[in-house]
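> Need a 3D model of the following:
(one chain, ligands or ions: 2)
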Amino acid sequence: MAVYTALSKGEIAAFIRPLDLGTLHSALGVASGIENTNYFVDTATGCYVLTLFERLTADELPFYLHLMKHLAARGIPVPDPVADDAGEILHEINGKPAVIVNRLPGQSVMSPSLVQCRAVGEMLARMHVAGNDYSRHQPNPRGLDWWRATATAARAFLSPDQQSLLASEIAFQEQIALSAARIPQGPVHGDLFRDNVLFEGEQVSGVFDFYFAGIDALLFDIAVCLNDWCVGSGEHDGARVDAFLHGYEAVRRLGAAERSLLPAMRRMGALRFWLSRLSDLHRPREAALLNAHDPTHFERLLRAIRGEG
Ligand SMILES: Nc1ncnc2c1ncn2[C@@H]1O[C@H](COP(=O)(O)OP(=O)(O)OP(=O)(O)O)[C@@H](O)[C@H]1O
Ligand SMILES: N[C@@H](CCO)C(=O)O
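Ligands and ions are numbered 1, 2, ... in the order given. From the prediction side, this is the model:
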């Protein structure tokens with residue numbers, strides 16, 4: 001967490017009462033994650049995760065929550081939001097939007113094996129195929145408009161060299177935007193880092209944190225994954241990249257245009273997370289516990305993919 005909003009056990013018990021989840025046994029604030037307030041909630045009927053949204057509004061949430069329901073209904077191991085008697089999955093606590101989902105089993109793996117890289121590639125492709133008939137639409141919330149606004153706000157904290165890297169990369173991404181719009185599109189997770197996937201042994205047992213999802217090039221998700229799962233000490237770990245792509249292509253083949261755009265997409269992924277980490281670092285919020293991520297990691301990765309590392 002960040003536990004941005006502290007809740008008492010009594011408040012959580014009152015929240016779950018109308019949801020038929022049984023008596024509350026325990027509620028524990030979660031110390032990882034930086035966007036929302038999360039509690040692990042155990043009741044007589046099972047284990048759940050309660051999320052209070054700190055930045056997203058009730059209007060912005062249906063795209064994400066219904067996407068999770070859509071994927072869960074198609075057998076993808078994602079959190080399935082619990083509905084009340086009226087079928088409503090979006091709730092409210094302390095004036096903030098809230099959701100409660102099933103707690104998925106397994107653990108995140110920070111040093112994935114080749115088999116695990118392959119498994120996550122395969123799971124991503126299954127998600128892309130399952131999302132194909134999702135009918136809601138929302139552009140990637142971390143796309144071109146957001147980069148421009150965030151780059152402007154971040155400029156004051158950057159050296160001239162960093163400013164010029166940022167400007168030149170945004171200009172490059174503007175140039176390839178048309179080609180990127182012509183490759184297969186659909187719901188993307190947008191943030192499928194190692195800490196958003198759970199494993200039981202070599203099997204993916206959970207994929208969560210869909211709150212940066214949007215409709216975009218499916219290749220963007222692949223690029224984000226390669227940038228996190230398949231990076232060793234250098235720009236990339238070839239064996240992990242191959243394992244990930246073999247897993248993905250066992251379910252969904254990439255087209256020639258997607259293959260040729262992959263390096264540009266990896267730059268886009270590095271740019272997006274460099275910017276979000278800069279933004280989080282320079283505009284920190286109050287939190288009981290806060291784990292800021294290092295922006296320079298993605299600056300270095302961006303330079304490396306551009307061949308300047
Ligand atoms: N449905 C779930 N099942 C199991 N564990 C979960 C689930 N949702 C969240 N968690 C756990 O809670 C932690 C925090 O959740 P999450 O990463 O979504 O935080 P966040 O602040 O919402 O997002 P971010 O990672 O973008 O900062 C995760 O690392 C994971 O351990
Ligand atoms: N995955 C993001 C954090 C939350 O979205 C990062 O590592 O910067």
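> Now do the helices in the chain.
For the chain, helices defined by DSSP state H occupy the ranges 9-16, 61-73, 114-130, 144-154, 160-182, 218-229, 238-249, 256-282, 296-305.
> If you count neighbours, what's buried in the shortest one?
Okay, so that is helix 9-16. For helix 9-16, the buried set under the neighbour-count rule, 16 or more other Cβ atoms under 10 Å, comprises 12, 15-16. Glycine gets a C-beta too; all of them are placed from N, C-alpha and C.
> what does the model give the nearest residue to Asn38 once chain neighbours are set aside for pLDDT?
The shortest distance from Asn38 to any residue that is not its chain neighbour, by Cβ to Cβ, 6 or more residues apart in numbering, is 4.1 Å, and that residue is Val30. Each residue has a pLDDT score; the one for Val30 is 91.
> To what extent is the closest residue in space to Phe172 that isn't next to it in sequence buried, counted in neighbours?
Distances taken as Cβ to Cβ, 6+ apart put Arg267 closest to Phe172, at 7.1 Å, once the chain neighbours are dropped. By the other Cβ atoms under 10 Å criterion, the neighbourhood of Arg267 contains 22 residues.
> do you know how far Arg267 is from ligand 1?
Arg267 sits 22 Å away from ligand 1 when distances are taken as Cβ to the nearest ligand atom, to the nearest Å.
> and if you look at Arg55?
For Arg55, the distance to ligand 1 equals 10 Å [Cβ to the nearest ligand atom].
> now Ile100
10 Å.
> contacting residues for that residue?
For Ile100, the residues meeting the contact criterion (Cβ atoms under 8 Å, 6 or more residues apart in numbering) are 15-16, 19, 21, 41, 48-51, 81-82, 91.
> just checking, what packs against the helix or strand of the chain with the lowest mean pLDDT?
Counting by mean pLDDT, DSSP states H and E, the chain has its least confident helix or strand at helix 144-154, which shows a mean of 93. Helix 144-154 makes packing contacts with helix 160-182, helix 256-282 when contacts are defined by 3 or more Cβ pairs under 8 Å, 6 or more residues apart in numbering; DSSP states H and E.
> what's the domain layout of the chain?
The chain resolves into domains spanning 9-102, 114-305 when parsed by automatic domain parsing.
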